[in-house]
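Engineer: Have a look; sequence and predicted model below, questions after that.
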Amino acid sequence: MKLVIFVVFGLLIVKASPAQENWRFNNRIQVGAFHDNNIFESVQNVENSMVSSAIFQTQGRRQFNKLRFNYSYSNGLQFYQQHGEEHKVTQIINAEAIWPVYRKLQINAAAGGTAKFFLNAPFDFIYSHSSVRIQYFFPYKIIATAEVEGTQLEYAETDQFDYFNRNFRASLQRRIGNRLLMESGYLFARANFQRPAYLETGDGFFLEKPEPQQDEQNTFFLRGTFGKKYIFRLTSEYIQNSSNSIGYAYSGFRFSGIGAVHFQEKWLIRMAVILQDKKYKEAINPVNLLEFDLERSETNSAVFDLSYDFRVDLSVLARFSFYKNESGLRGRFYEKDLIFLGMEYRF
Amino acid sequence: MFRACLKISFLFLFFTAFFQSEKLLEWETQLNNLEADYFNSARQTNLLSDKVDSLGLAINNLKKKSGFLNERVLAQLLARSHNVANQLAASRDTTRLKLIRLTSGSQLLQENVEKFSSQLSFRLLEAENRKDANAQQTIISSLRQARQLLQRCRQYTTRSLVFQGLMAVSIDSTDTPESLRQKSDFILDQADRLRRQTAKLLEKQKSLQGELRMRNRIANFFDDLALTDPQREVANTDQGRTQENVTFGGDFDKTRSEVGNNLNDSFSFLGSSMQSVDDMKWFSNIENLESGQIERWIEIIDNQQATWLVQADSLENRAEVLQNLIKFQREQF
């Protein structure tokens, strides 16, 4: 059934898109194969497999007088050789309405979600988000942004990892010259889990608290984006997480960088790197795992992608990804290499 | 021997400096003359326009009154108004012509000054190597002068990215073969200008398309990672944003304050005739534009190119008709 949804949606995108004249669409189909050296994201029992993958994606934009509307729908399919329990379909949808109230003020409302369906395993989940963002354009190219966001994670089979987040974000950005955009800001996130919080008794036992687990996260970030026929963006973050449940409080730094360079017209390099250093407050393992679906965890990674355009709309891709992500067990890391070769057609 | 060499080199420097400043002075005078011509003509047009307005007001006031004397005055005013309106139309044509001359003159001067500046820079390097302080000073002051002149030229040449208007050329029975030939050349020149402007637009459009393609490909990359890799998002702080903002941090500063207006200008410009785009501005930096706005610029350029090419074709056809008319007149006499 889930597979049928994937194929039907994909076909609908291809069929429906070009007919609408008031909309502007970008669609693409990507097919390829991965070699995944650790398909279960395991710390010890490493299993490798070849994976067939396909992506259908459509993005659309439309202007309704002053209001601008963007949407993006992506549909990804992964089939694992001899490991049917890992077959999955991932669907991501995002939509945004942008309303320039007047010259200096803009309001954005966005919503979206990710649904991941395992074809032969009971790990399905839906992650959703919605937000309202206000931007004010000051003189001297300064932009102030305030954003309120709600996010939610819902597993089909268990409530142990489900949460509802309320986030508040504020930032200031300024363009310096034509090539550099600097942004600095603060993010507050409060996660209300459905599972109970725990405390540790003096004799080393865990005791369930009457209230559910609640985490609060404060993040300060500084970001620079450089660009002129190439794009590089570096972000440094200081994260401090507190929790009413023992074992989850931590603080740490995270550095991330993304970049893209086009060269000799037909070649394109894209890359993304994340490095994170986490220090837990209590030297104790919490009762619950940090994450259930380990593909949701991200700690240290480096992804390099090289593509060659045969035509403006047809490319061949080679991608190497390395992950050293924290596993469900606190402070223990799994490693994963992915090598991908594929073709992409954009229309 | 050494003294003689010193004298020769001093004389060489003196003449070089003299010719440098002479050349720049000559170009500056040319630009001054072109500017003066255009601004005088524009002032004259404005005066005539004011005159037409005030005459119109007086005529309207007189129409409300009655009486023989008033009728005489009204008739006189109407005749005068007709006369001034004709003068205004002619003056507008002249102003447009002078603007075209100013723009193309500036373009030519700019090319010359740019070449000259690069020669001066080379000479400056030589003087620095020779450690000749006097020569360095002279060249630096010439370079400064050249830069000022360049800036002045660019005021007009950057505007020329959008064609400033077509001159209406009419023919009548008083036209001689010579005047017809001049008119035909003028029409061909306008067609050629349109084609050159179209080529410029094509370059701009290519850079816009490249930027847009790059943005889309980066966004696609993050989508791929979210769909197939253990990556929810490349950086958590971008959570919940659409791709455009994820990738570019909402580079809106100029978009809103400057480019947004330009877009409106350009849309109104497309709807109206080409002569009304005196204040057309161009975006200063592609990186500041939102992807949606880039798409709209590409569309605007497409439309504009099509319009200009059609106009260029029709002008060339018209020139051909004039050439045939000249041939016909020659054959007759």
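Structural biologist: The structure has been received and is ready for your questions. Numbers count the residues shown, from 1 in each chain, chains lettered A, B, ... in the order given.
Engineer: in stretch A:187-202, what counts as buried?
Structural biologist: Judged by neighbour count (16 or more other C-beta atoms under 10 Å in any protein chain shown), stretch A:187-202 contains these buried residues: A:187, A:189, A:191, A:193, A:194, A:195, A:196, A:197, A:198. Any C-beta I mention is one placed from the backbone N, CA and C, and that applies to glycine too.
Engineer: swap in stretch B:50-60?
Structural biologist: By 16+ other C-beta under 10 Å, the buried positions in stretch B:50-60 come out as B:51, B:55.
Engineer: Next: stretch B:83-98.
Structural biologist: Neighbour counts over stretch B:83-98 (16+ other C-beta under 10 Å) mark B:84, B:85, B:88, B:91, B:92, B:93, B:94, B:95, B:96, B:97, B:98 as buried.
Engineer: And for stretch A:330-347?
Structural biologist: By neighbour count on 16+ other C-beta under 10 Å, the buried set for stretch A:330-347 is A:330, A:334, A:336, A:338, A:340, A:342, A:344, A:346.
Engineer: What of stretch A:90-104?
Structural biologist: A:90, A:91, A:92, A:93, A:94, A:95, A:96, A:98, A:100.
Engineer: Make CSV out of the residues you listed and add secondary structure, pLDDT and distance to chain B.
Structural biologist: Output for the buried residues of stretch A:90-104, formatted as CSV (DSSP: H, G, I helix; E, B strand; the rest coil; pLDDT from 0 to 100; distance: C-beta to the nearest C-beta, whole Å):
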residue, secondary structure, pLDDT, distance to chain B
A:90, strand, 90, 5
A:91, strand, 91, 9
A:92, strand, 90, 6
A:93, strand, 92, 11
A:94, strand, 91, 6
A:95, strand, 93, 8
A:96, strand, 92, 4
A:98, strand, 90, 9
A:100, strand, 88, 7
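Engineer: Between which two of those is the distance greatest?
Structural biologist: A:90 and A:100 (33.3 Å; C-beta to C-beta).
Engineer: how distant is the host helix or strand of residue A:232 from the center of its chain?
Structural biologist: According to DSSP states H and E, residue A:232 maps onto strand A:230-243. Distance, stretch centre to chain centre, for strand A:230-243: 14 Å (C-alpha atoms, centre = their mean, to the nearest Å).
Engineer: just the buried residues of stretch A:330-347 that are near chain B?
Structural biologist: By C-beta under 8 Å from any C-beta of the partner chain, the members of those lying near chain B are A:336, A:338, A:340, A:344, A:346.
Engineer: residues contacting the second one?
Structural biologist: Residues in contact with residue A:338 (C-beta atoms under 8 Å, 6 or more residues apart in numbering or on different chains) are A:34, A:35, A:36, A:37, A:319, A:320, A:321, A:322, A:323, B:229.
Engineer: Now with 7 Å, please.
Structural biologist: A:34, A:36, A:321, B:229 (C-beta atoms under 7 Å, 6 or more residues apart in numbering or on different chains).
Engineer: Settle this for me: the last one is touching residue A:321, isn't it.
Structural biologist: Pointing back at residue B:229 there. Yes - counting by C-beta atoms under 7 Å, residue B:229 does reach residue A:321; the two are 5.5 Å apart.
Engineer: what do those two both touch?
Structural biologist: Residues touching both residue B:229 and residue A:321 (C-beta under 7 Å, 6+ apart): A:303, A:338.
Engineer: distance between stretch A:133-147 and the chain's centre?
Structural biologist: On C-alpha atoms, centre = their mean, the centre of stretch A:133-147 falls 24 Å from that of its chain.
Engineer: mind listing what's buried in it?
Structural biologist: For stretch A:133-147, by 16+ other C-beta under 10 Å, it's A:133, A:135, A:137, A:141, A:143, A:145, A:147.
Engineer: element containing the residue in the stretch 51-200 of chain A positioned nearest to chain B, please.
Structural biologist: Taking C-beta to the nearest C-beta, chain B has its nearest neighbour within the stretch 51-200 of chain A at residue A:76, 3.2 Å off. Assigned by DSSP H and E, residue A:76 falls within strand A:67-80.
Engineer: That strand pairs with which strands, and in what direction?
Structural biologist: If you go by DSSP bridges, strand A:67-80 pairs up with strand A:49-64 (antiparallel), strand A:88-102 (antiparallel).
Engineer: Show the average pLDDT along the helix or strand encompassing residue B:137.
Structural biologist: Assessed by DSSP H and E, residue B:137 sits inside helix B:133-157. On average, the pLDDT along helix B:133-157 is 84.
Engineer: Against which helices or strands is the helix or strand just after it packed?
Structural biologist: Next helix or strand after helix B:133-157 toward the C-terminus (DSSP H and E): helix B:177-228. Using 3 or more C-beta pairs under 7 Å, 6 or more residues apart in numbering or on different chains; DSSP states H and E as the contact criterion, the elements in contact with helix B:177-228 are strand A:49-64, strand A:67-80, strand A:88-102, strand A:250-263, strand A:267-280, helix B:243-248, helix B:291-332.
Engineer: re earlier: kindly reformat the contacts of residue A:338 as JSON lines containing neighbour count, distance to residue A:314 and pLDDT.
Structural biologist: Formatted as JSON lines, those follow (neighbours: other C-beta atoms under 10 Å in any protein chain shown; distance: C-beta to C-beta, whole Å; pLDDT from 0 to 100):
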{"residue": "A:34", "neighbour count": "23", "distance to residue A:314": "20", "pLDDT": "91"}
{"residue": "A:36", "neighbour count": "26", "distance to residue A:314": "26", "pLDDT": "90"}
{"residue": "A:321", "neighbour count": "22", "distance to residue A:314": "23", "pLDDT": "92"}
{"residue": "B:229", "neighbour count": "21", "distance to residue A:314": "23", "pLDDT": "71"}
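Engineer: Hmm, residue A:152 and residue A:128 touching each other?
Structural biologist: Yes - applying C-beta under 7 Å, one finds residue A:128 in contact with residue A:152, separated by 5.1 Å.
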